[in-house]
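J.: kindly return the folded structure for what I paste below:
(chains A, B, C and D)
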Protein chains: 2
Amino acid sequence: MAILGFLRDFPLHGYDLKNRVASLAGHVRPVADGTLYPTIKKLEDAQCLTRRTAPGSVAAPRHMLEITQTGTDQLRRWLRDPEQGFITDDNKWYVLLAFLHHLENPREQALVLTRRREFLDQPTQLFFDENGAPIPPELLESPFRKGLMQIHRSTNLTEIDWLDRQTTELNRRAGFTVHQRSGES
Amino acid sequence: MAILGFLRDFPLHGYDLKNRVASLAGHVRPVADGTLYPTIKKLEDAQCLTRRTAPGSVAAPRHMLEITQTGTDQLRRWLRDPEQGFITDDNKWYVLLAFLHHLENPREQALVLTRRREFLDQPTQLFFDENGAPIPPELLESPFRKGLMQIHRSTNLTEIDWLDRQTTELNRRAGFTVHQRSGES
DNA sequence: GTTCCTTACCTCGGAATCGATATATCTTGT
DNA sequence: ACAAGATATATCGATTCCGAGGTAAGGAAC
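T.: Presented below is the predicted three-dimensional model:
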């Protein structure tokens, strides 16, 4: 998803792509060559992207990669109907968010945000005692677990706040679109 | 790490472990059976844990797992000198944090927090233009990327604040220890 | 001009992980 | 008595992923 998402902005070569993917996801998570290049080849075989060799501006020749219509369609499908992991796994979610603007329909964008919002809504209980009963933060003996839950709650509230404001804005825009359409018809 | 970390609290059986690991990491990240059970077996072969069959309180018989001294040592090594991924990958970091209290030495705990703090300190630039020049949030056309960077900054500040307070407290405690020791000698 | 460093791409073997499947046990409902 | 469902453990093939290694090209240093 990150490869096609970046290529949707403008053509890139593998090496550049590698750095961009690595610095994404909020934190630096390097992607190994052994993951990146086979994936590029897989996407090429699936005709999601085309490559054309260009002389390297600094050193070795580059393979400039361009996304195709097939690739754009694939990217939009992934964004429109993401697997559950992309909602519940922070790393994946932030990757998805970085490319959600490639879905043009504000209503579809809002739907994805709503899925995330619903996930964040359900109360998470991180720690349990021997009997499986949840341990509230104030009874936690470990300051690290206490901090973990504090940070977790705080960051969740921050994201929920943003999600709500953004969803409102998107639905407003979607409403306008409907209004204009129905006015035209 | 999560398996040994949980077992260090009290003995558990695989099924229970599975639920605890899944609900950890701040968000629900289910662990597949095909991952959990082979890992348990691996840890058993490495003599990090022992198992003894007990009648299931509800249904099928359970294999109660107990951590050994070898396992405790292994856990402490992992916590004391974590791989870089445990510092830079949020998911892994939160797992580490959940068990850091199993390192008793406050100085060693503070050292790990400092590594995380230093990682969070280096300025992250998430998005770049065609020429590789960083794009500041105010120039970002995508509201999602803007939100992504806002959330990222906000959550980083929250965590940095906690890290600083906690590190101060740990060093204070470590200082007391040194003081008492030197007073005794 | 030879060595070294950086850029840039690729492949292979092994490790980690998953998903599907199978099995056994106990409780509950009918 | 028997079926259904939750509990609990285990395995296997397929997929994903990584890390080490190799190739190639250009520029800089000496």
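J.: other SSEs contacting the worst-scoring helix or strand of chain A on mean pLDDT?
T.: The weakest-scoring helix or strand in chain A, judged by mean pLDDT, DSSP states H and E, is helix A:143-184 (a mean of 87). Judged by 3 or more C-beta pairs under 8 Å, 6 or more residues apart in numbering or on different chains; DSSP states H and E, the packing partners of helix A:143-184 are helix A:106-121, helix B:90-99, helix B:143-184. Quick note: C-beta positions are derived from backbone N, CA and C, even for glycine.
J.: format these as JSON lines; extra columns: distance to residue A:146 and mean neighbour count.
T.: Listed next are the helices and strands packed on helix A:143-184 as JSON lines, based on distance: least, C-beta to C-beta, whole Å; neighbours: other C-beta atoms under 10 Å in any protein chain shown:
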{"stretch": "helix A:106-121", "distance to residue A:146": "21", "mean neighbour count": "17"}
{"stretch": "helix B:90-99", "distance to residue A:146": "10", "mean neighbour count": "22"}
{"stretch": "helix B:143-184", "distance to residue A:146": "9", "mean neighbour count": "15"}
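J.: of all these, which one is nearest residue A:60?
T.: When those are compared by C-beta to C-beta, helix B:143-184 sits nearest residue A:60, at 31.0 Å.
J.: now for the nearest residue to residue A:115 once chain neighbours are set aside: which residues touch it?
T.: With sequence-adjacent residues excluded and distances taken as C-beta to C-beta, 6 or more residues apart in numbering or on different chains, residue A:115 is closest to residue A:87, at 5.3 Å. Counting by C-beta atoms under 8 Å, 6 or more residues apart in numbering or on different chains, residue A:87 makes contact with A:93, A:115-116, A:119.
J.: the residue most central in space within chain A and chain B: what is the separation?
T.: Closest to where the C-alpha atoms of chain A average out (C-alpha atoms, centre = their mean) is residue A:96, at 1.4 Å. Residue A:96 is 9 Å from chain B, where distance means C-beta to the nearest C-beta, to the nearest Å.
J.: is stretch A:54-73 in proximity to DNA strand C?
T.: Yes. Judged by C-beta under 7 Å from any atom of the strand, stretch A:54-73 and DNA strand C are in contact via A:56-63.
J.: what's the answer for stretch A:33-49, then?
T.: Yes. Judged by C-beta under 7 Å from any atom of the strand, stretch A:33-49 and DNA strand C are in contact via A:33-34, A:37-38, A:40-41.
J.: low-confidence ranges, chain A, go.
T.: A:25-28, A:177-185 (pLDDT under 70).
J.: residues from chain A in reach of DNA strand C?
T.: So chain A meets DNA strand C at A:13-16, A:33-34, A:37-38, A:40-41, A:56-63 (C-beta under 7 Å from any atom of the strand).
J.: so which of these reach chain B?
T.: Under the cut-off given by C-beta under 8 Å from any C-beta of the partner chain, chain B has residue A:16 from the residues of chain A next to DNA strand C close to it.
J.: ok, which of the residues of chain A next to DNA strand C also contact DNA strand D?
T.: Counting by C-beta under 7 Å from any atom of the strand, A:33-34, A:38, A:56, A:58-61 from the residues of chain A next to DNA strand C sit close to DNA strand D.
J.: any chance of these in a markdown table, plus distance to residue A:161, secondary structure and neighbour count?
T.: Shown next, in a markdown table, are these (distance: C-beta to C-beta, whole Å; DSSP: H, G, I helix; E, B strand; the rest coil; neighbours: other C-beta atoms under 10 Å in any protein chain shown):
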| residue | distance to residue A:161 | secondary structure | neighbour count |
| --- | --- | --- | --- |
| A:33 | 39 | helix | 11 |
| A:34 | 40 | helix | 8 |
| A:38 | 40 | helix | 10 |
| A:56 | 45 | coil | 12 |
| A:58 | 44 | coil | 6 |
| A:59 | 46 | coil | 8 |
| A:60 | 47 | coil | 7 |
| A:61 | 48 | coil | 10 |
